[in-house]
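Asks: Provide a 3D model corresponding to the input given below.
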Amino acid sequence: MPPTPTWSKTLTALSLALAATLVPLAASAQTSSAGVLAVSHKSPFNCGKTFYANNWTPGHNPSGSIDWQNYGSDAINGETVRATAAGTATFHDAGSTSYGKWIEISHSDGTRTRYAHLATMVRAAGGSMTVGQGTAIGTVGSTGGSTAPHLHYEQRTSGGAMDTSPTVDGVTVSLGQKKAITSSNNCGGNPYTPEEVCGSGYSVIDSAGLTGGRTYLLYNSGNGYNCVVTMKTSNVGTPSSMSAFLEPQGASRTTDSGSYGYYAGPVKRSAPGTCVRWGGSVGSSSYTSPFEHCD
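Replies: A predicted model of the protein is given here:
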């Protein structure tokens, strides 16, 4: 048999490499189009809290959604509700009908979670904010078409379909099942929130993830002040290098930096109708925004 030409070997190698590349891509595309939930979710409650996850049927609308309910002597009414996974949260209010006060979080894989019948929300209806897994977003109540305090919770695929066997904290709750689930959400997390650090009247309008933390930009519409705070998410309570800064366009930058256990900041500056540059750092991980949020 005559030797294979060098160009033929090269072409064959390239073809094999291309095929190896295309196969996982095709599988990935198929997974995406099928809307498989790829994000891992934790319970929507404080670390260590146990509540029943009830995927009851028939008659629950929509089928496959979870009603989080009292467990033992622990009443769920008024409990803090936390994001089960990171994403962008939008806030809604259906009044005395349907979901009542409710929140939808869009996740990085295109999937969504919904939290309904809330008593309170951290942002007003029509607002939005970036959240991390464990970010407090509201409290349990009985608004809308609810007959008793509970948290209505949904996991939806990227195509909008219900996942009828949602999994939280590694526990799958299929149709007809009711399971007691203990939360591992926000365990060892920061006991402070950006709103607490900046003070009354401030709401989160943007945030950016850091290795070991997150930096937040808040705004107080009542006085026109911005506030920046950087929060630790790991090694919480152990002092280490952190910073937070805020720079209104055309003005000098104000920075708070040091060795802190929980957060850097708050850094506050008056900036009504002015673009701001903001950011912070935890150790060697840092974020600097462009000039933005000019309203």
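
Asks: low pLDDT regions in the stretch 151-295 of the chain?
Replies: Applying pLDDT under 70 to the stretch 151-295 of the chain flags no residue at all.

Asks: Break down it into its helices, ranges please.
Replies: Using DSSP state H, counting those that start in this stretch, the helices of the stretch 151-295 of the chain run over residues 194-198.

Asks: Give me the pLDDT for the residue nearest the centre of the chain.
Replies: Geometric centre of the chain, nearest residue: residue 86, 2.8 Å, by Cα atoms, centre = their mean. Each residue has a pLDDT score; the one for residue 86 is 90.

Asks: which ones are touching it?
Replies: The neighbours of residue 86, taking Cβ atoms under 8 Å, 6 or more residues apart in numbering as the test, are 39, 107-108, 131-133, 209. Using the backbone N, CA and C atoms, a C-beta is placed for each residue, glycine as well.

Asks: Test my guess that residue 118 contacts residue 146.
Replies: No: the criterion here is Cβ atoms under 8 Å, and residue 118 misses it with residue 146 at 9.9 Å.

Asks: what residues are shared contacts of the two?
Replies: residue 100.

Asks: The two: which has the busier surroundings?
Replies: residue 118 (27 against 19; other Cβ atoms under 10 Å).

Asks: and that one, that's in a strand?
Replies: Yes: Residue 118 sits within a strand when classified using DSSP: H, G, I helix; E, B strand; the rest coil.

Asks: Show me what residue 258 bridges to in the sheet.
Replies: residue 242 (DSSP bridges).

Asks: give me the number of residues near it?
Replies: Neighbours of residue 258 under the rule other Cβ under 10 Å: 10.

Asks: next one: residue 218
Replies: Look at residue 218: counted by other Cβ under 10 Å, it has 26 neighbours.

Asks: wait, it sits on residue 205?
Replies: Yes: counting by Cβ under 8 Å, residue 218 touches residue 205, with 6.5 Å between them.

Asks: what number of residues lie near residue 236?
Replies: 17.

Asks: which residues sit in contact with it?
Replies: Contacts of residue 236 (Cβ under 8 Å, 6+ apart): 188-191, 261-262.

Asks: Buried ones in stretch 137-144, by neighbour count?
Replies: By 16 or more other Cβ atoms under 10 Å, the buried positions in stretch 137-144 come out as 137-141, 143-144.

Asks: now those residues in a markdown table, with secondary structure and pLDDT?
Replies: Below are the buried residues of stretch 137-144 laid out as a markdown table (DSSP: H, G, I helix; E, B strand; the rest coil; pLDDT from 0 to 100):
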| residue | secondary structure | pLDDT |
| --- | --- | --- |
| 137 | strand | 93 |
| 138 | strand | 94 |
| 139 | strand | 95 |
| 140 | strand | 97 |
| 141 | strand | 98 |
| 143 | coil | 98 |
| 144 | coil | 97 |
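
Asks: Against residue 138, how distant is the residue nearest to the centre of the chain?
Replies: Remark: distance between residue 86 and residue 138 (Cβ to Cβ, to the nearest Å) = 16 Å.

Asks: and what of residue 114?
Replies: For residue 114, the distance to residue 138 - Cβ to Cβ - is 12 Å.

Asks: Residues that sit against both of these two, list them.
Replies: Common neighbours of residue 114 and residue 138, counting by Cβ under 8 Å, 6+ apart, are residue 103.

Asks: And the strands in the stretch 1-150 of the chain?
Replies: For the stretch 1-150 of the chain, applying DSSP state E, counting those that start in this stretch gives strands covering 50-54, 66-69, 80-82, 87-93, 101-106, 112-121, 128-131, 136-140.

Asks: Make a markdown table from those strands and add distance to residue 170 to it.
Replies: What follows is the strands of the stretch 1-150 of the chain, written out as a markdown table (distance: least, Cβ to Cβ, whole Å):
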| stretch | distance to residue 170 |
| --- | --- |
| strand 50-54 | 12 |
| strand 66-69 | 15 |
| strand 80-82 | 17 |
| strand 87-93 | 20 |
| strand 101-106 | 20 |
| strand 112-121 | 16 |
| strand 128-131 | 21 |
| strand 136-140 | 22 |
